[in-house]
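# When you get a sec, could you give me coordinates for this:
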Amino acid sequence: MIKLQIIGNLGKDCIVKEVNGKTVINFSVAHTERFKDAQGNPKERTTWVECAYWTDRTGIAPYLTRGRTVYAEGAPEADAYTNKEGQAAATLRMRVQSVQLLGGTGTEGGGSTSGNASNTGYASRPVVKTETTPVAEQEDDLPF
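The predicted model follows:
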């Protein structure tokens, strides 16, 4: 299995849908990389990842809002297509296995990325972490 881990900001509020009796939370995450080109000019490149989180635990959905910083991991998927201008393009998607809210919201000041509500300035907003644990790990009798 290939695993993708991303930290970035949500581009818009998530959308919760029901598809064939299953719940999916769709959201998009952007990560902007800032660098200098060969001539020393500042540049930036933004990568968008379209995320689909299939889960019955939709309690995190109200917190997945535009500008929110999140950590998500899951299985990547890539689709190639031809855009309106006739150029080759690609879309990066991820089937999310876990998502965690981090400190900042993008619209409010400051915040750390530690995920600890007590030191982020967002004590009134709980830090929500949801994960799906494989059955094999749930039934483990390890002594530690």
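
# Specify the beta-bridge partners of the most centrally placed residue in the chain.
Taking CA atoms, centre = their mean, the centroid of the chain lies closest to A72, which sits 4.1 Å from it. Beta-bridge pairing for A72 (DSSP bridges): I6, V99.

# Equivalent analysis for A30, please.
Beta-bridge partners of A30, as defined by DSSP bridges: N9, W48.

# picking up where we left off before, tell me who's in contact with the residue nearest to the centre of the chain.
Q5, I6, V29, V49, C51, Y53, M94, V96, S98, V99, Q100 (CB atoms under 8 Å, 6 or more residues apart in numbering). (Each C-beta comes from the backbone N, C-alpha and C, glycine too.)

# State the distance from the first one to E50.
Taking CB to CB, to the nearest Å as the measure, Q5 falls 16 Å from E50.

# next one: the second one
Taking CB to CB as the measure, I6 falls 11 Å from E50.

# So for the two, which sits in the more crowded spot?
Of the pair I6 and E50, I6 is the one with more neighbours under other CB atoms under 10 Å, namely 20 against 15.

# Correct me if wrong: that one contacts E73.
Yes: using CB atoms under 8 Å, I6 is in contact with E73, at 7.5 Å.

# E44 looks like it's in a helix, true?
No: using DSSP: H, G, I helix; E, B strand; the rest coil, the secondary structure at E44 is strand, not a helix.

# What residues are bridge-paired with it?
E44 has the following beta-bridge partners by DSSP bridges: R34.

# A78 is in contact with E50, isn't it?
No: counting by CB under 8 Å, A78 sits too far from E50 to count as a contact (10.7 Å).

# I'd like the mean pLDDT over stretch 83-102, please.
Averaged across stretch 83-102, pLDDT comes to 91.

# Okay, now the unreliable bits of the chain?
Where the chain drops to pLDDT under 70, the residues are 104-144.

# what are the ranges of the helices in it?
135-138 (DSSP state H).

# Serialize the contacts of A72 to TSV and add fields for distance to K43.
Compiled in TSV, those are given as follows (distance: CB to CB, whole Å):
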residue	distance to K43
Q5	24
I6	21
V29	21
V49	20
C51	26
Y53	32
M94	25
V96	29
S98	32
V99	29
Q100	30
